[in-house]
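> Sequence and predicted structure are below.
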Amino acid sequence: MRLHAIFSLALMATTFSALTVKAEPDQIELPPAPSALAESEENQLALTEPAEVFQSVSQPAPENQLKPEVTESEDEIIFDDPAPSKPAPNPYKPLFFNNTFGAYLGNPSSPYLFGEELKMMCLGDECSPYTLSVGGELRHRYMHEQNRLRPGGPINTDYNLWRWRQYFDLQVSDVARVYFEMLDGSIFDNDLPPLGIDINRWNIQNAFVDVKLHETDGTPGWFRYGRQELLYGAQRLVSPLDWSNTRRNFEGFKYFHHSDSLRIDAFITNPVNTAAGNVPLSQYDNGRDKPDTSTTFSGVYLSFLSDSPQLIDLYYLWLRDETVTANRPDGSRHTVGARYRTTSEVLDACCDVTGIWDFETEGAYQFGNDNGQRVSAGFFTSVLGHTWTSLPWSPRLSGLFYYGSGNSNPGGTTNNTFNTLYPLGHAYWGIIDNLSGQNLYDYSLQLNAKPSKKVGLVGAFHWFEKATANDFLYNVAGAPTGTLGGSRDIGQELDLIGTYTFNPNFNIQAGYSWFWYGSFVGTNIPPRNTATQFYVQTTLRF
């Protein structure tokens, strides 16, 4: 079945060559990452799908006025590269409705990109207030996995995932906007029934209207209504989950006001597709997506920016789930949290930069109620890294600690299991996707290297333990796995990832992972051999 991967690479490369896309290696940089990124929206080359996955929504103002995004893509999070941004920034963003083709096309040093003729097209004469942008993405991923913690038990399986995104963006001067995006996700050659994140056939992914409400000190405030993806901060709690063949989406209202020093987002939404938790899959894979009104997700997210390489996020999130699910952290949960990120350059005697220290920390506390129990839970994480900019390949070594609380007394009156809400777990708790951040300790070391401007390499090693022995182990979907109690030793994981970025249009990525199970598996979970996962992914944007 690995012939599928080779065939995919050949097909995408041939297609890309036929489109005569020009490569500009001098303009390509590996993306910065969560623990190091200061204010870079510019270098978002692909990692897990050469795509995105983490960025806040920016207003539909003239694109050359947009400030660099304070959220991070999936590639940035996994690659953790704090290198400063370069000219001709990548116009493709984790959320396609945040693409910045105005700034890209207005930069004389920007290389040609396939499809740029369809961006910012004037409708009517030169004075027309209407501009239209058309684009999208084609992505294929071949997967081989065995012995993962997934429904159906340990199994050796191969399958292929295909995704097509197509968007239309109509801007009405600087006062209004209409955005529409379709998504088709499918799976084939699969041995097991598809998961909720594998398939969603020809549905509306984003469809909203933006209207400018006011302008304060030259910065507009916007109101958005409709179906939309959400992405905030480093995507530990709110992410569209670009790794999945589908992408999470929500439907509702949002107000946002983004100035040079403060960004404010306030939203009230309902989750829509199966990737956002709407089930069962049989109702949505060939049917029309519709919002789940029994679940409401709302919040306020603030980002404080300054001229220094520091960022502070403060947020309040409220998830109200009226569906009672045993042994699942749901109910009515309020999450209050903060995130801090900074970088610091190391200079030699000649004041040349020889290294970059980066540091990030984030934590949140949850309270409320869950099926009659009082909620008191939380998480905390910190990342410290150093990049040797004067050495070949610019290596970066980082260490990470993560804690997500578990429930020490499942039969008591208090529920201490943290709810990770809508995270990008793929980037944080192992590429093999065995675990979520509930009832979890994660100790990790990661090494990044850039053999060339087009190539990025990542190696990461994780030690996993249950935070509380009395609670369940939770899989990547947040569902309890196995039985209560038992050992805290979950196991260790090694991830190796390589990405080749031809240019912002085209990306190829491959990864291999091993998961060596600890003593919890075999006693509380049916025994299985070491889990492995191999994938090859190609992405073409236009």
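That came through fine. Numbering: from 1, shown residues only.

> low-scoring stretches of this structure, by residue?
The model of the chain has pLDDT under 70 over residues 1-71, 76, 79-88, 151-154, 278-287.

> now with 50?
1-68, 84-85 (pLDDT under 50).

> where along it do the helices fall?
Listed in chain order, the helices found in the chain under DSSP state H are 3-18, 74-79, 101-105, 425-428.

> hey, C-alpha coordinates of the last one in PDB?
Same thing as helix 425-428. The C-alpha coordinates for helix 425-428 follow below in PDB (Å, rounded to 0.1, in the frame of the first residue of the first chain):
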ATOM      1  CA  GLY A 425      -3.700  17.800  20.300                       C
ATOM      2  CA  HIS A 426      -1.800  16.500  17.400                       C
ATOM      3  CA  ALA A 427       0.900  19.200  17.800                       C
ATOM      4  CA  TYR A 428       1.300  18.800  21.600                       C
END
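
> by contact count, what packs against it?
helix 74-79 (3 or more CB pairs under 8 Å, 6 or more residues apart in numbering; DSSP states H and E). In this view, the C-beta of every residue, glycine as well, is placed from N, C-alpha and C.

> chain center to stretch 492-508, what's the gap?
The chain centre lies 15 Å from the centre of stretch 492-508; the measure is CA atoms, centre = their mean, to the nearest Å.

> What residues sit buried inside it?
492-495, 497-508 (16 or more other CB atoms under 10 Å).

> Stretch 514-534 too?
514-515, 517-518, 520-521, 524-525, 528, 531-534.

> now swap in stretch 368-382 and tell me
Quick answer for stretch 368-382 (16+ other CB under 10 Å): Gly368, Asp370, Gln373, Val375, Ala377, Gly378, Phe379, Phe380, Thr381, Ser382.

> got TSV for the residues you listed, with distance to Ser239 too?
Shown next, in TSV, are these (distance: CB to CB, whole Å):
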residue	distance to Ser239
Gly368	22
Asp370	22
Gln373	27
Val375	22
Ala377	19
Gly378	19
Phe379	15
Phe380	19
Thr381	15
Ser382	20
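
> Which two among the residues you listed are spaced furthest apart?
Using CB to CB, the pair of the buried residues of stretch 368-382 lying farthest apart is Gln373 and Ser382, separated by 29.1 Å.

> Ile155 against Asn190, yeah?
No - taking contacts as CB atoms under 8 Å, Ile155 lies outside contact range of Asn190: 11.1 Å.

> Ser73: neighbour count?
By the measure other CB atoms under 10 Å, the count of residues near Ser73 is 38.

> and it, how far is that from Arg374?
Applying CB to CB, to the nearest Å, the value for Ser73 to Arg374 is 37 Å.

> again with Gly511
With CB to CB as the criterion, Gly511 and Arg374 are 41 Å apart.

> Let me see the contact set for the closest residue in space to Ser344 that isn't next to it in sequence.
Spatial nearest neighbour of Ser344, excluding adjacent residues (CB to CB, 6 or more residues apart in numbering): Trp357 at 4.6 Å. Neighbouring residues of Trp357 by CB atoms under 8 Å, 6 or more residues apart in numbering: Thr343, Ser344, Glu345, Val346, Leu384, Gly385, His386.

> again with Trp164
Gly136, Glu137, Leu138, Arg139, Leu183, Asp184.

> which of the residues you listed lies closest to Val175?
Using CB to CB, the contacts of Trp164 come closest to Val175 at Gly136, 26.1 Å.

> Quick check: bridge partners of the closest one?
Counting by DSSP bridges, Gly136 is bridged to Gln166.

> Near it, how many other residues are there?
Neighbour tally, Gly136, other CB under 10 Å: 18.

> Can you list which of the buried residues of stretch 514-534 are found in strands?
Within the buried residues of stretch 514-534, residues falling in strands by DSSP state E are Trp514, Phe515, Tyr517, Ala531, Thr532, Gln533, Phe534.

> Please verify my assumption that the fifth one contacts Ser513.
Yes - counting by CB under 8 Å, Thr532 sits close enough to Ser513 to count as a contact (6.6 Å).

> what residues are shared contacts of these two?
What both Thr532 and Ser513 touch, as defined by CB under 8 Å, 6+ apart, is the set Ile432.
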